[in-house]
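Colleague: need a 3D model of the sequence below.
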Amino acid sequence: MLHASMEAPIRGTIKSKLVKQIQCPKCLDRGRDNLAIYDDGHGYCFSCSLYIDTYALSLYSIDIDTTVTTNLGNSFRQMNDKESYQYLEHRGISRHTMEHYKVLTKVLADGTPDEVGLPYGTYTTLRGYSDRSFRTVGDGANVLLFGQDCFNSGSSRAITVTEGAFDAMSVYEALGRRYPAVSVRSASSARGDCEKAYHYLNSFEAIYLCFDNDRAGMDAARDVAALFDVNKVYHVKIDKYKDANELLQADGEEALKRIWYNAKRYEPKGIISTYEAIEGILKGEDKQAIASYPFPTLESMAYGIRTGELVLFTALEKVGKTEALRAIEYHLLKTTDHNVGVIHLEEKERRSVQGLIGYELGVPAHLPDNGTSADEQIMAYKSLTKRDGRVHFYTHFGSDDPRNILDAIRYMVKVAHCKFVFLDHITMLVTGFEEDDERKRLDYISTRLAMLTRELDFCMFLVSHVNDQGQTRGSRNIGKVADLLIHLDRDIESADIKSRNTTRLTCRGNRFASITGPAGLLHFDPKTFRISEVEGTPDASEQVLQS
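Modeller: Here you go, the predicted model:
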């Protein structure tokens, strides 16, 4: 609705008439009518006092009435003595791109551009127009990547992440405004900013990193690249100049476009060949165990739990692999301070949570007659985990797209900082596929899981079913990539209850210590649903002497 009484709040002898009202691009008024458009070609917001010039109005496709006065040729600064906010071309970036990213320039009453507002969601960096000064305003708790709210998730094949806002706009402009480009706040905040935007960035097929050509920029690019699947990350190398915006201004759009299209997949680690590098490896510290196993015999054979390794548990169906893993999960929570990721595809998350609670309380917490209340179970879980967000459960029940699992594991390790991840079981990921297709998928998944443990430096505990010949079901590659392979065997039909609840462990592969053979006997207590090792099992040193 137009209000005829609203006159343009400007000084001078020329009076302007109201043409229409729209939503203010600065304060985004809820009523969508606080920005008044006048027939002399300017606009004014009665909510935040924003002045906006003729060109910026044209970008909103506002049709100015034909009664626009002949004074339209006068400069904006002659119409008022107040500051204004305009979309100005700056540092080689066009007004159209500035408008797309909602980047307004504050112009003083005398027409001098003062500072540029770069919005990161509700947080804004205000940079000096002609110098390197800057300040920040807004809510720093809800920071987005610069430009994140300008492009929908997965809206294009590729997205570019830069170190600076002007670099992001430079890439967007050089690529013909076809591909999204966003920016972190700085090199030091790059990893944290991208962790918050992990799901947004990961929705794109390819992620191009175009950070500054300095040590801080290279380190930041490495940290960000490690968050994502290495196959989807590309490195845009700025060799001659400091950053993308400097390149754009010096050599133009075509030069930046050419470098972007020539980007190669990111290489997180170099090739080692020099004597100096070899010396560094030999003099470096050996990989140390960061945790132990709850079963003494297995602990003595494996020499503890190390990051960068894949531990595989195999067995026939219904032998009790999940409960054996749960005993290790509980032990790690009690004896370390590290975060833990749990992916149990054969049980719902409630059962996984109550399984850990049962160990803490010494009762089968999932059974209806366990004798504990919900409040008692909650208190037990808090007591076990020590802090909020320490255990991360994957909530999908049943088979799922393997790519979702790989993404979930990468998220657990890089964003949620889990040092141990349990996946029970890998065979579930390919249930329903044709036999040959199943084998290929299991080959790929098992290889990727082993690579992830090295790349991200965590320990993976994996479960696989075996066939009647004792081979990992669907793919022999699963056993080949494991650093430690433990087979579980139990006579589930024995008439003797003690035998029926006793599981035999056998180490069939031990890349670190090369000790294989019997790895202890585990007893399952049906009253407490706890698993513990049977006393009197010879340790690894005794087995070596016996052999």
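Colleague: grab the longest helix from the chain for me.
Modeller: For the chain, the helix with the greatest residue count under DSSP state H is helix 435-456.
Colleague: mean confidence for it?
Modeller: The average pLDDT within helix 435-456 is 83.
Colleague: 36 is where my numbering starts, stick with that
Modeller: Sounds good: first residue 36 from here, last item helix 470-491.
Colleague: quick one: list the elements packing against it.
Modeller: Here helix 470-491 touches strand 345-350, helix 437-445, strand 494-500, helix 512-515, going by 3 or more CB pairs under 8 Å, 6 or more residues apart in numbering; DSSP states H and E. C-beta here means a position set from N, CA and C on the backbone, and glycine is covered the same way.
Colleague: and the angle from it to strand 345-350?
Modeller: In terms of direction (axes from the mean of the first three to the mean of the last three CA atoms, to 10 degrees), helix 470-491 departs from strand 345-350 by 140 degrees.
Colleague: hey, which strand is longest across this structure?
Modeller: strand 148-163 (DSSP state E).
Colleague: after it, next one along is what?
Modeller: Sequence-wise, the next helix or strand downstream of strand 148-163 (DSSP states H and E) is strand 169-178.
Colleague: in which helix or strand would I find residue 243?
Modeller: Following DSSP H and E, one finds residue 243 within strand 241-245.
Colleague: neighbouring contacts of stretch 180-194?
Modeller: Stretch 180-194 is contacted by residues 135-137, 153-156, 196, 200, 203-204, 207, 213-220, 228-229, 232, 234-236, 238-243, 269 when judged by CB atoms under 8 Å, 6 or more residues apart in numbering.
Colleague: make it 6 Å
Modeller: Outside stretch 180-194, the residues that touch it by CB atoms under 6 Å, 6 or more residues apart in numbering are 136, 153, 155, 200, 203, 214-215, 217-218, 232, 235, 238-243.
Colleague: type out the ChimeraX command that picks the buried ones from these.
Modeller: Per 16 or more other CB atoms under 10 Å, the buried members of these correspond to this ChimeraX selection:
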select :136,153,155,200,203,214,215,217,218,232,235,239,241,242,243
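Colleague: what angle do the longest strand of the chain and strand 169-178 make?
Modeller: Going by the same axes, to 10 degrees, strand 148-163 makes 50 degrees with strand 169-178.
Colleague: packing partners for strand 148-163?
Modeller: strand 140-142, strand 169-178 (3 or more CB pairs under 6 Å, 6 or more residues apart in numbering; DSSP states H and E).
Colleague: compare these and give me the one nearest residue 57.
Modeller: When the helices and strands packed on strand 148-163 are compared by CB to CB, strand 140-142 sits nearest residue 57, at 20.0 Å.
Colleague: residues contacting the closest one, please?
Modeller: 119, 120, 121, 123, 148, 149, 150, 151.
Colleague: swap the cut-off to 7 Å and go again
Modeller: Residues from elsewhere that reach strand 140-142, judged by CB atoms under 7 Å, 6 or more residues apart in numbering: 118, 119, 120, 121, 123, 125, 148, 149, 150, 151, 164.
Colleague: what does stretch 233-252 give?
Modeller: 183, 188-189, 191-198, 202, 206, 222, 229, 253, 255-256, 259-260, 262-263, 267-271, 273-274, 276-279, 295, 298, 301, 442, 446, 450.
Colleague: buried only: go through the residues you listed for me.
Modeller: Using 16+ other CB under 10 Å, the buried ones in the contacts of stretch 233-252 are 183, 193-198, 202, 206, 222, 229, 255-256, 259-260, 262-263, 267-271, 273, 276, 278-279, 295, 298, 301, 442, 446, 450.
Colleague: just want the angle from the helix or strand just after the strand holding residue 243 to strand 241-245.
Modeller: Helices and strands here follow DSSP H and E; after strand 241-245, the next one along the chain is helix 250-260. Put simply, helix 250-260 runs at 170 degrees to strand 241-245, going by the same axes, to 10 degrees.
Colleague: of the buried ones among the contacts of stretch 233-252, which belong to strands?
Modeller: Short answer: these in strands (DSSP E) are 193, 194, 195, 196, 197, 268, 269, 270.
Colleague: any chance of those residues in TSV, plus distance to residue 477 and pLDDT?
Modeller: Output for these, formatted as TSV (distance: CB to CB, whole Å; pLDDT from 0 to 100):
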residue	distance to residue 477	pLDDT
193	30	97
194	31	98
195	35	98
196	33	98
197	39	97
268	25	94
269	28	95
270	31	93
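Colleague: if we can go back for a sec, can you flag the buried ones in the contacts of strand 140-142?
Modeller: Judged by 16+ other CB under 10 Å, buried ones among the contacts of strand 140-142: 118, 119, 120, 121, 123, 125, 150, 151, 164.
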